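1. Below are the sequence and a predicted model for it; my questions follow.
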Amino acid sequence: MSIRLFVLLVLAGSFSLSTQAQDCDRSCLADFLDQYLDAIIASDASQAPLSYGFRQTENSIVVPNDEGLWTTVTSLGELQRRYFDPVGQTAGYFGLLEESGERAAVSLRMKVSNNLITEAEWHIGRENDLGLQGVPGTVYWNADELIANPPNGGFVPLDKRYSRDDLIAIANSYFDGIIAQNSKVIKGHPGCSRRENGQSTFGGPLAPGATGFNGTSDCRTSGDFGLAQVAARRVQVVDVEQQIAMVSVVFLRRPGNERWRNHFTEVFSIEDGLIRHVHAAMFYAHPTQPVPNWPPYNGNLPLSFDETQ
């Protein structure tokens with residue numbers, strides 16, 4: 001064997017090993033997610049394969065590995081959905097957690113790199129959280145309704161699947177329709193549902209000219225939410241096998257609007273290329289709190305237009 005051929009084979013082998021170290025398939029991501037959730041329940045970060053630079057946020061605030069959910073979670077809740085994105089090397093969890101007998105509606109984006117967990121981003125909704133105008137206990141929240149009406153889960157036949165790019169586009173159509181206040185933009189089934197921390201935010205009366213279903217609102221129904229922009233859109237997890245897209249955004253209010261910004265992850269259950277259900281885990285951010293506090297918005301953008309409110 002020539003020296004040149006030997007070197008090429010060694011380089012090829014090194015590249016193959018490097019690629020294997022970088023790639024984590026669905027089964028691999030599922031193992032990492034289980035290890036991480038088990039460690040959270042055990043209140044012991046050492047039980048999970050966390051990287052040295054591991055970073056975790058809870059409602060956009062960075063927490064160390066011995067505070068926050070690491071100390072409050074006692075078990076997973078009655079509703080659990082797990083989603084996997086080998087392209088993004090991410091896994092998602094949506095459902096409930098138990099915190100010393102109290103339930104929380106949550107979403108999780110977990111990132112894997114080089115066979116270690118590098119990131120965990122939680123959105124958490126609790127029954128007594130601050131609501132639209134910063135008043136405790138006024139947040140949308142209904143764990144029982146969430147259990148009865150969960151996001152989709154399970155294997156979708158190949159001939160019923162849309163591509164990863166299509167799923168992202170379908171989810172984005174929802175936010176585009178909201179900011180344009182034009183229901184026709186949203187790629188949704190007539191009668192599609194929308195729930196925030198489990199509570200229904202559809203099925204109400206329609207304004208004149210609004211699009212809904214059988215005379216009531218659905219996930220396509222647009223309105224004036226006092227928004228300047230649906231900002232900081234970030235695709236978190238796209239599970240092609242289950243036809244799910246998890247996307248995080250910030251609702252920025254127009255100047256002078258008294259409603260607080262809300263930051264959330266929404267899980268889009270997509271059937272036949274249209275949104276069937278929208279489920280959000282969300283919180284309302286204090287006007288001076290930076291959100292989402294993840295790249296490319298590293299701790300300083302976007303803030304409220306009026307930081308004194």
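-> That came through, no problem.
2. List the contacts of Met246.
-> 83, 92, 94, 107, 109, 235-238, 265-268 (Cβ atoms under 8 Å, 6 or more residues apart in numbering). Every residue, glycine included, has its C-beta placed from N, CA and C.
3. ok, of these, which one's closest to Ala143?
-> Phe94 (13.0 Å; Cβ to Cβ).
4. in its sheet, what does the helix or strand harbouring the closest one sit against?
-> For Phe94, the host element (DSSP states H and E) is strand 90-99. The strands that strand 90-99 pairs with in its sheet are strand 75-85 (antiparallel), strand 102-113 (antiparallel) (by DSSP bridges).
5. partners of the helix or strand harbouring Ala280, with directions?
-> Following DSSP H and E, one finds Ala280 within strand 274-285. Strand pairing for strand 274-285, using DSSP bridges, gives strand 188-196 (parallel), strand 261-271 (antiparallel).
6. Give the rounded mean pLDDT of it.
-> Averaging pLDDT along strand 274-285 gives 97.
7. CA atoms only: put it into PDB for me.
-> Extracted in PDB, the C-alpha atoms of strand 274-285 (Å, rounded to 0.1, in the frame of the first residue of the first chain):
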ATOM      1  CA  LEU A 274     -52.400  21.900   7.400                       C
ATOM      2  CA  ILE A 275     -52.400  22.900  11.100                       C
ATOM      3  CA  ARG A 276     -54.800  20.800  13.200                       C
ATOM      4  CA  HIS A 277     -53.700  21.900  16.700                       C
ATOM      5  CA  VAL A 278     -51.600  24.600  18.200                       C
ATOM      6  CA  HIS A 279     -50.300  24.100  21.800                       C
ATOM      7  CA  ALA A 280     -48.200  26.800  23.600                       C
ATOM      8  CA  ALA A 281     -46.200  26.700  26.800                       C
ATOM      9  CA  MET A 282     -45.800  30.400  27.600                       C
ATOM     10  CA  PHE A 283     -45.000  33.100  30.100                       C
ATOM     11  CA  TYR A 284     -45.300  36.900  30.100                       C
ATOM     12  CA  ALA A 285     -41.900  38.700  30.400                       C
END
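8. Can you give me the buried ones in it?
-> For strand 274-285, burial by neighbour count (16 or more other Cβ atoms under 10 Å) applies to 274-285.
9. Turn those residues into TSV, columns for distance to Glu102.
-> TSV is the format used below for those (distance: Cβ to Cβ, whole Å):
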residue	distance to Glu102
Leu274	36
Ile275	31
Arg276	30
His277	25
Val278	25
His279	20
Ala280	20
Ala281	15
Met282	18
Phe283	16
Tyr284	19
Ala285	22
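10. thinking again about what came up before, in PDB, please show the C-alpha coordinates belonging to the strand holding Phe94.
-> Output in PDB follows, covering the C-alpha atoms of strand 90-99 (Å, rounded to 0.1, in the frame of the first residue of the first chain):
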ATOM      1  CA  THR A  90     -32.500  18.500  19.100                       C
ATOM      2  CA  ALA A  91     -35.200  16.800  21.100                       C
ATOM      3  CA  GLY A  92     -38.400  18.300  22.400                       C
ATOM      4  CA  TYR A  93     -40.700  17.500  25.400                       C
ATOM      5  CA  PHE A  94     -44.200  19.000  25.700                       C
ATOM      6  CA  GLY A  95     -46.600  18.200  28.500                       C
ATOM      7  CA  LEU A  96     -46.700  18.400  32.200                       C
ATOM      8  CA  LEU A  97     -44.300  18.300  35.100                       C
ATOM      9  CA  GLU A  98     -45.100  17.700  38.800                       C
ATOM     10  CA  GLU A  99     -43.500  20.200  41.200                       C
END
